[in-house]
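Peer 1: Take this sequence and fold it.
(one chain, ligands or ions: 2)
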Amino acid sequence: MAKIKTRYICQNCGTDSPKWLGKCNICGEWDTFVEEIITPKNKKEAIKEKATGISTAKKNALHINEIESIRERRLITHDNELNRVLGGGIVPGSVILLGGEPGIGKSTLLLQLAVQLQGYSILYVSGEESAQQVKMRASRIGIHNEECLIYTETDLFNIFKELRSKNPVLCIIDSIQTLRSPTLESTTGSVSQIRECASELQRYAKETNTPIFIIGHITKEGVIAGPKILEHMVDTVLQFEGDRHHAYRLLRTKKNRFGSTSELGIYEMRHDGLRQVSNPSELLISENDQNLSGISIAATIEGLRPLLIETQALVSPSAYGTPQRSATGFDSKRLNMLLAVLEKRCGFRFGDKDVFINIAGGLKVEDPAIDLAFICSLLSSFEDIALPQQLCFAGEIGLSGEVRSVHRIEQRIFEAEKLGFQQIMISANNKGLDPSKYNITLAQVKTVEDVYAQLFQ
Ligand code: TYD
Ligand code: MG
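Peer 2: Ligands and ions are numbered 1, 2, ... in the order given. So this is what the prediction gives:
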C-alpha cells in the first residue's frame with residue numbers, strides 16, 4: 001500500500017509546510033499548523049470526475065468575438081435590502097459568501113429568502129440542523145414558496161448529485177465549515193476542506209449559471225473562519241453584523257464583483273424572522289424627552305445611506321487611581337484622541353474622570369463625521385447641561401481641534417431636515433452651501449472652542 005502523505009497546513013492563511021512550525025512565516029500567526037492528509041492531484045481529479053460528472057478535461061481559449069455576450073439578467077428577490085447590497089439582485093452564476101458571528105441571523109436571513117421567494121425552486125442545504133429544525137424555523141418565518149427544497153447533507157458529492165437532479169434556480173449552503181469533500185482525507189472544517197469545497201461550488205456555479213450562497217462562520221477575531229483565500233475565491237462577500245442583544249442587524253458588502261461595496265442593508269430581528277427597516281433613523285433615535293445631558297445626535301452616512309444616530313457619553317469622577325475609558329460601537333483610540341483634543345484646546349481635565357461612550361442600538365460606526373456629536377456629548381456630560389433636542393451634528397475633529405468638513409453633507413442635512421431637526425452643526429469648511437435652500441438652520445463652526453462657546457457659554 002502506498003504510504004500516506006501528509007503536510008502541515010496553516011489554518012489561518014493556508015500555507016503548507018512539510019514539517020510542523022510554531023509560527024507561520026507567511027502570516028505570522030502562532031500555533032496554527034495542523035497535519036492534514038494529502039490526496040495526490042490526479043487521484044483527486046479521477047474521484048471527482050466519477051462522482052460529479054464534471055469533466056476536468058482541458059478547454060481551449062476562445063477569441064473574444066466568439067464569446068456569446070449574454071445580457072446580465074439578475075434574480076430580483078422580495079428582499080429589497082438584500083437586492084441593494086448585492087448591487088440590484090443576484091447575478092446568475094455568482095457565488096456569494098455570507099459571513100457573521102454565530103447567532104447573528106445568517107441562517108434566518110437565507111432561509112427567509114428560500115421560503116419566501118415565491119415561484120423559484122431553491123435548494124437549501126443544511127449541514128448544521130435537522131430537517132425538522134429547519135422546518136420549525138421556516139414555519140415561524142412563514143412559508144410562501146412551495147418549491148423550496150431542504151436537504152440535510154454534508155457530503156459535497158451527494159450535494160452535487162442532488163443539485164444535478166433537482167437543478168434549482170438558487171442554492172444555499174449552510175455552512176461551508178460543515179461540508180466535506182471525499183477527495184480529501186483531512187477533517188471537516190479544515191482549511192483544505194473549506195478551500196476544496198468552495199472551489200468545487202464555484203466551478204458548479206460557473207458551469208451551470210446557478211447562483212450559490214455560502215454561509216461562513218466568523219472567528220472571535222472577526223474574520224471568516226478558514227483561509228483568507230475563501231474571500232478571494234467568491235464573487236461577493238457580505239457581512240452580517242450587529243449586537244446579538246439588540247434587534248438591529250446590518251448587512252454590509254465587503255467585496256462585490258458586480259456592484260458597489262458601499263451599500264448597506266438594515267434589518268430588525270423579530271420573533272417571526274428578519275424585517276427590513278426602511279426608515280432606520282427614526283428607530284435609532286430614542287425618545288429623550290426628559291432633556292438629559294450627555295446625549296447628542298450625529299448625522300452619519302453608512303454606505304450610501306444617511307443615518308441619524310444617538311451618541312451617548314458619561315463623564316464621572318473616577319473612584320480609583322486609573323480612570324476608565326470605555327467605548328461601545330466606536331473606536332476607543334479615537335475616543336482617547338477626542339479627549340486629548342478637549343484637554344489641549346479647551347482646557348478640560350479628564351485625567352481624574354471615568355469616560356464611557358456608547359452608540360444607541362448596538363451599532364458600530366466608522367464614519368468620522370460622528371466625532372463632532374461625541375465631542376458635544378462629552379462636553380454636555382462634563383458640564384451636566386443637556387443639549388437642545390432639535391440640534392444634530394456632522395463633522396470630523398482634527399488633531400488641532402479644528403472641525404473638518406465631511407463628504408455628502410447635503411444628504412446629511414436633508415435627512416436631518418426630514419426628521420424634523422431645526423438646526424445642524426457642521427464645519428465652516430463645508431463650502432458652497434446655500435442656507436436659503438433648507439428649512440433647517442446651518443450652524444457653521446471652525447474649532448472645538450467655537451463649539452463650546454456656542455453651546456455652553
Ligand atoms: P441564526 O439564523 O440561527 O444565526 P446564525 O445562523 O447566524 O448562527 O439566528 C439565531 C438567532 O436569531 C437566535 O438567537 C434566535 C433569533 N431568531 C429570532 O429572534 N427570531 C426568529 O424568527 C428566528 C428564526 C431567529
Ligand atoms: Mg446558522
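Peer 1: can you map out the strands along the stretch 301-450 of the chain?
Peer 2: 305-317, 325-328, 353-359, 391-394, 396-397, 403-404, 423-427, 441-445 (DSSP state E, counting those that start in this stretch).
Peer 1: which of those sits most buried?
Peer 2: Mean neighbour count, computed with mean count of other C-beta atoms under 10 Å, is highest for strand 391-394 among the strands of the stretch 301-450 of the chain, reaching a mean of 28. Backbone N, C-alpha and C define where each C-beta goes, glycine included.
Peer 1: contacting residues around residue 350?
Peer 2: Shown in contact with residue 350 (C-beta atoms under 8 Å, 6 or more residues apart in numbering): 315, 323, 339, 342-343.
Peer 1: who wins for most neighbours among the residues you listed?
Peer 2: residue 315 (24 neighbours; other C-beta atoms under 10 Å).
Peer 1: which residues does that residue contact?
Peer 2: The contact partners of residue 315, by C-beta under 8 Å, 6+ apart, come to 294, 350, 353-355, 378, 381-382.
Peer 1: Around ligand 1, which positions in the stretch 51-200 of the chain sit nearby?
Peer 2: Contacts of the stretch 51-200 of the chain with ligand 1, taken as C-beta under 6 Å from any ligand atom, map to 100, 102-108, 137, 140-141.
Peer 1: Burial check on the residue of the stretch 351-457 of the chain found nearest ligand 1, number of neighbours?
Peer 2: Among residues of the stretch 351-457 of the chain, the one nearest ligand 1 by C-beta to the nearest ligand atom turns out to be residue 362. It sits 14.2 Å away. For residue 362, the count of nearby residues is 19 (other C-beta under 10 Å).
Peer 1: Following element in sequence after the lowest-mean-pLDDT helix or strand in the chain, please.
Peer 2: Lowest mean confidence among the helices and strands of the chain (mean pLDDT, DSSP states H and E): helix 41-52, at a mean of 64. Moving toward the C-terminus from helix 41-52, the next helix or strand (DSSP states H and E) is helix 80-85.
Peer 1: residues of that following helix that come out buried?
Peer 2: Neighbour counts using 16 or more other C-beta atoms under 10 Å place 81-85 of helix 80-85 among the buried residues.
Peer 1: Kindly format the C-alpha coordinates of it as PDB.
Peer 2: Output of helix 80-85 as PDB, limited to C-alpha atoms (Å, rounded to 0.1, in the frame of the first residue of the first chain):
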ATOM      1  CA  ASN A  80     -35.100  45.000  -1.000                       C
ATOM      2  CA  GLU A  81     -32.200  45.300   1.400                       C
ATOM      3  CA  LEU A  82     -30.600  42.200   0.000                       C
ATOM      4  CA  ASN A  83     -31.100  43.300  -3.500                       C
ATOM      5  CA  ARG A  84     -29.500  46.600  -2.600                       C
ATOM      6  CA  VAL A  85     -26.300  45.200  -1.000                       C
END
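Peer 1: and the residue of the stretch 151-300 of the chain found nearest ligand 1, backbone torsions?
Peer 2: Going by C-beta to the nearest ligand atom, ligand 1 is nearest to residue 273 of the stretch 151-300 of the chain, at 4.2 Å. Torsion angles at residue 273 (phi, psi; degrees, to the nearest 10) stand at phi 100, psi -170.
Peer 1: ok, now which ones touch the closest residue to it other than its chain neighbours?
Peer 2: Distance criterion C-beta to C-beta, 6 or more residues apart in numbering; nearest residue to residue 273, sequence neighbours excluded, is residue 141 at 3.9 Å. By C-beta under 8 Å, 6+ apart, the contact list for residue 141 reads 108, 111-112, 115-116, 272-273.
Peer 1: Which parts of the stretch 301-450 of the chain are helices?
Peer 2: 332-346, 371-383, 409-418, 448-456 (DSSP state H, counting those that start in this stretch).
Peer 1: Would you reformat these as CSV and include distance to residue 209 and mean pLDDT?
Peer 2: Listed next are the helices of the stretch 301-450 of the chain as CSV, based on distance: least, C-beta to C-beta, whole Å; pLDDT from 0 to 100:
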stretch, distance to residue 209, mean pLDDT
helix 332-346, 45, 93
helix 371-383, 47, 95
helix 409-418, 37, 91
helix 448-456, 56, 92
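Peer 1: Please identify the deepest-packed of these.
Peer 2: Using mean count of other C-beta under 10 Å, helix 371-383 ranks as the most buried of these, with a mean of 25.
Peer 1: quick one, it and strand 353-359 angle?
Peer 2: For the pair helix 371-383 and strand 353-359, the angle between their directions (axes from the mean of the first three to the mean of the last three C-alpha atoms, to 10 degrees) equals 140 degrees.
Peer 1: Checking residue 114 next. Helix, strand or coil?
Peer 2: Of the three states, residue 114 takes helix under DSSP: H, G, I helix; E, B strand; the rest coil.
Peer 1: got a pLDDT number for it?
Peer 2: Per-residue pLDDT puts residue 114 at 93.
Peer 1: neighbours of it, just the number please.
Peer 2: For residue 114, using other C-beta under 10 Å, the count is 27.
Peer 1: what's the answer for residue 446, then?
Peer 2: Neighbour count for residue 446, taken as other C-beta under 10 Å: 13.
Peer 1: returning to what we had before: looking at the contacts of residue 350, which two lie furthest apart in space?
Peer 2: Using C-beta to C-beta, these reach their maximum pairwise distance at 323 and 342, which is 13.9 Å.
Peer 1: Contact partners for residue 307?
Peer 2: For residue 307, the contacting residues are 280-281, 284, 300-301, 415, by C-beta under 8 Å, 6+ apart.
Peer 1: shaky segments in the stretch 1-150 of the chain?
Peer 2: By pLDDT under 70, the weakly predicted segments of the stretch 1-150 of the chain are 1-2, 40-57, 70-71.
Peer 1: Of the residues of the stretch 51-200 of the chain next to ligand 1, which qualify as buried by neighbour count?
Peer 2: Neighbour-count burial (16+ other C-beta under 10 Å) is assigned, among these, to 100, 104-108, 137, 141.
Peer 1: So which of the contacts of residue 307 wins on neighbours?
Peer 2: residue 300 (28 neighbours).
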